[in-house]
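>>> Need the 3D shape of this:
(chains A and B)
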Amino acid sequence: MLYALMGLGLSLITGVLNIPNFAHGALFAVGAYFLFSAIHAVGNFWLALVLAPVGVALLGLAIEYAGIRPLYAAGHDYQLLFTFGLSLILSEGIIVVWGPIGFSQLPPPLLRGGFDLGFIFYPKYRLFVMVMAGLLVLATWLFLEKTRYGAIMRAGIESKEMVSLLGIDVHRLFTAAFALGAYLAGIAGALTAPIRGLSPSMGVDMLGIAFVVVALGGLGNLLGAIAAGLIIGVAQAVVALYWTEASVAVIFAIMAAILLVRPQGLFGIR
Amino acid sequence: MSDLNRRDVLKLGAVGAAGAVAGLGFPAVIRAQAKEVVMLGIWPFTGAFSDVGPILDRGMKMALEERGMKILGRPIKYITRDSATQAGASTRRVEEAVDGEGAKFVIGPWSSGVALAVSEVAKRKKVLHYFSGGTEDISGARCHRYSFQWAASPYTAAKTVVDTFMKANPRAKRWHLLVADYAFGWSVEKYIKEVGKTHGLEFVGADRHPLGEREFSNYVTKAAGNKPDVVAMINFGLDAVTAAREIFNFGLTPKLPLIMSWSSGVEELVQLAPEIRENLWVGSNFYYTTDTPVAKEFVKSYQAKFGGPPGYAPAAAYGMTRMLLHGFDRAKSVEVQDVVKGLEGIEVNDLVGRMRVDAQTHQTLRPFFFMRSKPKSAMKNPMDFADIIATGDTPLPAQYAACKDIGSF
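Residues are numbered from 1 along each chain as shown, chains lettered A, B, ... in the order given. Sure thing, here's the model as predicted:
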């Protein structure tokens, strides 16, 4: 579900802004670090979980407004280079602010421990993450499908020119899409922190997987990103049970296999 | 003379100036270079282990600065390159530093798999190479005159860990291993299994994971399914930290003991919450409470400089550099082959106690430490992670020795 959440955010940015956001992994890491700092500041996990992704969304908003927007006229390559450079700046920024050595963040007391299902002991916090990420994916989906602004975003993915001709401010649309994508990356990072801990490089691993999810689902296809995130997550879990060494390779093997048959991805049309 | 125009005069002037630079300026530079002893630290500043690159650099610098950046009256020029924890990048950068900067003494990198590739470069370029440790091959099957290993042999580590743990937990016979799938993991796994035979251990599972693995839930559920008495990890850095977290999240620890067989100590323990460190047993090549005069002085100045105690990484870089400098002192020469001979058979009381370099294998014979993590209530300060409960220095038995002939220069 976390893969779907990351893929959904990246797909939204890629679809609306038409740039591969190389800083998506770094925003994921920033979300985790914001959660860590917010817990220390407010002393409450739940409040911190609300604040951290909002902080990342605001950061995304600022990045789009101050960094990407001036480059729309300069062309695709410049935007691509900008997001790549930004990912390095954010990763180094984490080291400057929080240091090179990582931290552990325990789940809140309510979600510590787990359920003994007889054949397996499953941590409560992982179940919470699964449900929470599922609800977030559903909420994002409903927003995009059932609201007017969601419809504008989807229309922006299909044809920015048409949206612009209808009198809609596309720049505001781009900013909103980037902020929403950043929010999804930020909350995925915040939710992951108690599972995997925090380290400055934590976004790098996730970025690779998020790009696989986007390519597999079809560039800019939101339903595809959700489906691909689920496929990758389930495949990785199943393969790891029987052939643990191949659990990372399987992600890329699935992508290669599907793209050979459907170069446009599972749900893509371009 | 009348044919000489302004352009020709300028050309002649340029040639003359170049000649003057060649005749006067360059020899001065060349003389300076000939006096300098160039040492290369090949550390991971990017990629896997990028978190330890800067602290490895600190350790090497501290050892050099202790000597005033001089050896045998000559200035030491310390240069660094990024290993990126990639064999290709490391070998290319070491070759460039040797050819371009005149580096003759190479310390690093941090990953054993990458170190084996650098060791081959050292052999080809005839430069001295010091590596911390992890794989048994540097002082084993792929030994040669130019490479040395500072850390304990994987056998020494395995023997210390298994013997000490079994003495404290004689009924914990069912072991599940979680092994990093590269040279270091394979070496330590092999000897844990060998030593385990003498205790009648049953290895109920041994899963290998790639370097840089971040999703350990499936490994942990598999380990839990095997119903072990203990889980022993043979991995390092962020892999070990991430796996320890998952083992805790899935409820295996603190009910079951968890062994980090070859840990960096402080750098890993500080990343784990006290709750996760409960019932944690840790093997390491260095811990900052090591009771030797050199270690005490090193820890004191490291803490004064950087505000926290050093772990295995800066200690290894510091210790390797000190050993290298002892080699210079013994050789009374700055020539590579003389320093190699100076190091062969050298015996000193240094960072971790009595240390001797085996001339036949270039393995450092030295103690390995085994610690037990402290409960939160027993910690005297936030960095008071563990007590050293044993040290072991059993060398690799002859039947396992793979370095039959270290060869000539």
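>>> Go ahead and name everything in contact with stretch B:284-292.
B:132-133, B:151-152, B:157, B:262-266, B:295, B:299, B:309-312, B:315-316, B:319, B:349-353, B:368-369, B:371, B:386-388 (CB atoms under 8 Å, 6 or more residues apart in numbering or on different chains). C-betas here are computed from N, CA, C, even on glycine.
>>> what residues does chain B put near chain A?
B:50-51, B:54-55, B:181, B:207-210, B:212-215, B:217-219, B:221-222, B:224-225, B:238, B:241-242, B:245-246, B:249-252, B:267, B:270-273, B:275-276 (CB under 8 Å from any CB of the partner chain).
>>> Please list only the buried members of those.
Neighbour counting with 16 or more other CB atoms under 10 Å in any protein chain shown marks B:50-51, B:54-55, B:181, B:207-209, B:212-215, B:217-219, B:221-222, B:224, B:238, B:241-242, B:245-246, B:249-252, B:267, B:270-273, B:276 as buried within the residues of chain B next to chain A.
>>> How far does stretch A:61-75 stretch from one end to the other?
Using CA to CA, to the nearest Å, one end of stretch A:61-75 lies 20 Å from the other.
>>> Narrow the buried ones among the residues of chain B next to chain A to those in helices?
B:54-55, B:217-219, B:221-222, B:224, B:238, B:241-242, B:245-246, B:249, B:267 (DSSP state H).
>>> dump the residue contacts of the closest residue to chain B within chain A.
As assessed by CB to the nearest CB, chain B sits closest to A:Ala240 within chain A, at 3.2 Å. The contact partners of A:Ala240, by CB under 8 Å, 6+ apart, come to A:Ser247, B:Glu215, B:Asn218, B:Tyr219, B:Lys222.
>>> Where does pLDDT dip in the chain?
Since no chain was named, I'll use chain A. A:119, A:241, A:244-245, A:268-270 (pLDDT under 70).
>>> Let me rephrase: I mean chain B.
Where chain B drops to pLDDT under 70, the residues are B:1-34.
>>> Show me the domain layout of it.
Using automatic domain parsing, the domains assigned to chain B come out as B:36-152+B:291-365, B:154-284+B:368-392.
>>> of all the ones you listed, which lies closest to A:Gly197?
domain B:154-284+B:368-392 (5.4 Å; CB to CB).
>>> For the strand or helix carrying B:Gly113, output the C-alpha coordinates as CSV.
Assigned by DSSP states H and E, B:Gly113 belongs to helix B:112-125. The C-alpha trace of helix B:112-125 is given here as CSV (Å, rounded to 0.1, in the frame of the first residue of the first chain):
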residue,chain,number,x,y,z
SER,B,112,34.9,-6.2,1.9
GLY,B,113,33.7,-7.0,-1.6
VAL,B,114,35.1,-3.6,-2.9
ALA,B,115,38.3,-4.0,-0.9
LEU,B,116,39.1,-7.2,-2.7
ALA,B,117,39.0,-5.3,-6.0
VAL,B,118,41.2,-2.5,-4.5
SER,B,119,43.6,-5.2,-3.2
GLU,B,120,44.1,-6.4,-6.8
VAL,B,121,44.9,-2.8,-7.9
ALA,B,122,47.4,-2.6,-5.0
LYS,B,123,49.1,-5.8,-6.2
ARG,B,124,49.3,-4.6,-9.8
LYS,B,125,50.5,-1.1,-8.9
